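[1] sequence and predicted structure below; questions after.
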Amino acid sequence: MRNKRKYTKKIIVTDNVSTPEARAKRLKRLRNIANLTRQQLCNDSKINISTLKSWEIARYGGLPLDGAEKIIKRVAKEGIVCTTNWLLYETGIGPYILPNYQKIDQERLRNIQSAITNNDIEESLIINELLLFKNQFSETIEIRVEDDGLTPVYREGEFVAGIKHYNKKILSLINQNCIVQMIDGTILLRNLRKSSTQDKYTLVCTNPQTTVKLPIIYDIELKSAAPILRHYRKSI
């Protein structure tokens with residue numbers, strides 16, 4: 001008898017959106033969004049087409065977790081970002097088509113697949129939106145928030161991006177939250193304030209309970225400052 005791939009991570013049905021039929025409906029919707037036939041979806045995903053058919057008609061318990069993970073990896077190659085939570089339970093963000101999508105290049109594909117491997121497809125969406133932002137504008141800067149200096153507006157682990165301002169143009173950013181780069185290359189996310197010294201600035205943590213060792217840095221010379229134009233946080 002020919003061995004068949006066994007999918008063992010079955011889903012426990014807890015409500016009407018996690019039933020095999022509900023999962024099958026979302027699976028077919030996702031495949032349609034990706035504009036893939038069943039055979040095309042099975043290509044490069046190591047999914048047997050008969051197995052896919054059984055998931056789409058809700059047989060044998062329906063789409064399991066490990067099957068959903070393979071589906072998500074496959075549609076990512078078509079520029080579609082989706083989470084296992086949505087596909088299996090209809091929670092979180094739904095399928096997302098990367099804007100201005102052309103066939104994913106290797107850098108973006110690695111980002112997506114790496115995030116999927118770490119069960120973090122939502123982060124892959126953020127990374128790819130940042131790449132699009134970087135491609136659309138010159139002099140961009142994007143960072144992951146590394147401290148609680150501007151909490152609760154920006155929390156650790158979130159992503160922010162902006163367009164750099166230089167020299168006298170930095171003055172137009174006074175009292176704004178900015179990604180600042182010091183002359184020595186240090187990059188921080190801080191509220192930008194005036195300094196009593198010409199051509200220098202004060203950097204302020206607006207969180208009164210911050211754990212940052214230097215919540216205020218006085219009279220600092222800046223290489224650039226970028227007001228926050230993009231802010232990405234995970235839904236959970």
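    Great, that's in hand. Numbers count the residues shown, from 1 in each chain.
[2] ok, which stretches of this protein are strands?
    For the chain, applying DSSP state E gives strands covering 80-81, 96-97, 140-144, 159-163, 177-182, 187-194, 201-204, 216-220, 222-232.
[3] and the fourth one, C-alpha only, in CSV?
    Output of strand 159-163 as CSV, limited to C-alpha atoms (Å, rounded to 0.1, in the frame of the first residue of the first chain):
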residue,chain,number,x,y,z
PHE,A,159,8.1,49.2,13.8
VAL,A,160,8.3,52.8,12.8
ALA,A,161,9.6,54.5,9.6
GLY,A,162,10.1,58.0,8.3
ILE,A,163,12.0,60.2,5.8
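[4] tell me the mean pLDDT for it?
    Mean per-residue pLDDT for strand 159-163: 90.
[5] one more: the fifth one?
    Mean per-residue pLDDT for strand 177-182: 96.
[6] residues in contact with that strand?
    With C-beta atoms under 8 Å, 6 or more residues apart in numbering as the test, strand 177-182 has contacts from 141, 143, 150, 153-154, 160-162, 164, 187-192, 201, 203, 206, 220-228. Heads up, the C-betas are built off the backbone N, CA and C, glycines and all.
[7] and with 10 Å instead?
    The contact list for strand 177-182, computed with C-beta atoms under 10 Å, 6 or more residues apart in numbering, reads 140-143, 145, 149-150, 153-154, 160-165, 170, 173, 186-192, 201, 203-204, 206, 217, 220-229, 231.
[8] same deal with stretch 10-22?
    Contacts of stretch 10-22 (C-beta under 10 Å, 6+ apart): 23, 25-26, 54-55, 57-68, 88-91.
[9] of those residues, buried ones?
    23, 26, 54-55, 58, 62-64, 67-68, 88-90 (16 or more other C-beta atoms under 10 Å).
[10] for the chain, what helix or strand is lowest in average pLDDT?
    helix 106-117 (a mean of 53; mean pLDDT, DSSP states H and E).
[11] tell me which residue is most central in the chain.
    Residue closest to the mean C-alpha point of the chain, counted by C-alpha atoms, centre = their mean, is residue 126 at 2.3 Å.
[12] tell me the bridge partners for the closest residue to that residue other than its chain neighbours.
    Distances taken as C-beta to C-beta, 6 or more residues apart in numbering put residue 232 closest to residue 126, at 4.3 Å, once the chain neighbours are dropped. Using DSSP bridges, the bridge partners assigned to residue 232 are residue 159.
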